[in-house]
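# A predicted structure for the sequence below; I have some questions about it.
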Amino acid sequence: MSLAPWQQQRLDTALAAWRAGRLGHAQLLCGPEQLGKRAVADSLAARLLCDAPKDEPPCGRCRGCALREAGTHPDFRIITFEENANTGKLRTELVIDQVRALSGSMQMTAQRGGAQVVLIDPADALNTSAANALLKTLEEPADNRFLLLVSAAPQRLPATIRSRCQRIEFSVPEREVALGWLASQGHPAPRASEALDAAQGHPGLADAWLRAGHLALRETTLKEWAGVARGIASPLGIAQLWMAEPALAGLRLRFVADAAVALARGIAGAPAVAGLTPPADVDKLAAWFDQLNRLRLQLSAPLKHELALAGLLAEWRGLMATTETRR
């Protein structure tokens, strides 16, 4: 599979360690969402399970590659969200039964005589019992057994698990690298630059927003947010409008949260986007930002989010009114 430059760099480093016999029993691939951690984990698993010589890329033709691509490789397991048998819905956590099955298979000889690989994504979704069960496996490393843990929130993993993993860190690449990759994805330079600015340099987000047409949504959202600040839009009306589309509500709040941070820091271009003057009371803005982020985290719960958001937008109007008074 084709990887972005920053992804290929992480993969090459891991493979160099593997060829030198220095790749640890457990790898923690961590960093912001949508930077390609899972893609690198999949590529690493492909190379570990391929029958080709170590100094070659995965061939895609051998029995190992064919079984992995078909999802039937006996020495490769993926642990992710599974359906709850009682509700018919996907679970929101990884449970102990999934890890117990993993522990049992990792104690057995590889059926194909090569590596055994387990990919856990997202690893931070392990509940307490599952994490404790995984710890036992991590404490008993075996040759040619590899655990690949993928996480955008590694701080949620117990320190006892993190300490037993080698880390493959992902971070936002340099701007020119990101722009070059966005161009390779077919995005025109002006729009790519605009999207990258909106995504605070994150190429994965910029690509996703461009493909979904979300830059227009961002522009509309920030105009409505500014309208609340100026008193020309109703906090309750805007809250109801934003929450009327649950699938986009979290994205709208993200746009606002990012703009609030940019406004507080005086980042070039940020005030112009929202058409607002940076608030005089930065401490109050920080507290407002924290409340907004808490609301973002609660969106999946069956609560009356419209009223909570309306209250926050009313506070935002008051904060900006105070700023205008002081000018």
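The structure has been received and is ready for your questions.

# so how far is Glu56 from Phe289?
The gap separating Phe289 from Glu56 is 50 Å, by C-beta to C-beta, to the nearest Å. Where C-beta positions appear, they are placed from N, C-alpha and C, glycine not excepted.

# If you could redo that for Arg47, that was the one I meant.
The gap separating Arg47 from Glu56 is 9 Å, by C-beta to C-beta.

# circling back to that earlier point, so between Phe289 and Glu56, which is more surrounded?
Under the criterion of other C-beta atoms under 10 Å, the comparison of Phe289 against Glu56 puts Phe289 first, with 18 against 9.

# for the helix or strand hosting that one, which positions count as buried?
For Phe289, the host element (DSSP states H and E) is helix 282-297. For helix 282-297, burial by neighbour count (16 or more other C-beta atoms under 10 Å) applies to 285, 288-289, 292, 295-296.

# three-state assignment of Ala308?
helix (DSSP: H, G, I helix; E, B strand; the rest coil).

# Please report how far it lies from Ala26.
Taken as C-beta to C-beta, the span from Ala308 to Ala26 is 40 Å.

# Give me the more crowded residue out of these two.
Ranked by neighbour count (other C-beta under 10 Å), Ala308 and Ala26 place Ala26 first, with 23 against 17.

# who touches the more buried one in this structure?
By C-beta atoms under 8 Å, 6 or more residues apart in numbering, the residues touching Ala26 are 138, 141, 146-149, 164-166.

# Got the domain ranges for the protein?
5-169, 173-212, 213-326 (automatic domain parsing).

# Show the end-to-end separation of the longest one, please.
So the one you mean is domain 5-169. Taking C-alpha to C-alpha, to the nearest Å, domain 5-169 runs 14 Å from one end to the other.

# for it, what is the average pLDDT?
Average pLDDT, domain 5-169: 94.

# What helix or strand is Leu148 located in?
strand 145-151.

# all helices for the stretch 1-150 of the chain, in order.
5-19, 37-49, 63-70, 96-106, 128-138 (DSSP state H, counting those that start in this stretch).

# just checking, what packs against the shortest one?
It stands for helix 63-70. The elements that helix 63-70 packs onto, with contact taken as 3 or more C-beta pairs under 8 Å, 6 or more residues apart in numbering; DSSP states H and E, are helix 37-49.

# by how many degrees do the helix it packs on and helix 5-19 diverge?
Put simply, helix 37-49 runs at 30 degrees to helix 5-19, going by axes from the mean of the first three to the mean of the last three C-alpha atoms, to 10 degrees.

# Now do helix 37-49: distance to the chain's middle.
Relative to the chain's own centre, helix 37-49 is displaced by 17 Å; criterion: C-alpha atoms, centre = their mean, to the nearest Å.

# Not counting its neighbours along the chain, what's nearest Cys65?
Once flanking residues are discounted, Cys65 sits nearest to Cys50: 5.4 Å by C-beta to C-beta, 6 or more residues apart in numbering.

# Compute the number of surrounding residues for the closest residue to Ser105 other than its chain neighbours.
Using C-beta to C-beta, 6+ apart and skipping the chain neighbours, the partner closest in space to Ser105 is Arg77 (6.5 Å). Neighbourhood size, Arg77 [other C-beta under 10 Å]: 17.

# what's the neighbour count on Ser171?
For Ser171, the neighbour count with other C-beta under 10 Å is 11.

# who touches it in this structure?
Contacts for Ser171 (C-beta under 8 Å, 6+ apart) come out as 6, 31-32, 35.

# Tell me where the stretch 151-300 of the chain has helices.
Under DSSP H, counting those that start in this stretch, the stretch 151-300 of the chain gives helices at 159-162, 175-184, 189-198, 203-212, 214-229, 235-243, 246-265, 270-274, 282-297.

# same for the longest one, what does it pack against?
In terms of contact count using 3+ C-beta pairs under 8 Å, 6+ apart, helix 246-265 is assigned the packing partners helix 214-229, helix 235-243, helix 270-274, helix 282-297.

# swap in the first one?
In terms of contacts (3+ C-beta pairs under 8 Å, 6+ apart), helix 159-162 is packed against helix 128-138.

# Buried ones in the helix it packs on, by neighbour count?
Quick answer for helix 128-138 (16+ other C-beta under 10 Å): 130-131, 133-135, 137-138.

# Give me the packing partners of that helix, helices and strands only.
helix 96-106, helix 159-162.

# Any idea how far the longest one is from the middle of the chain?
Taking C-alpha atoms, centre = their mean, the mean C-alpha location of helix 96-106 is offset from the chain mean by 25 Å.
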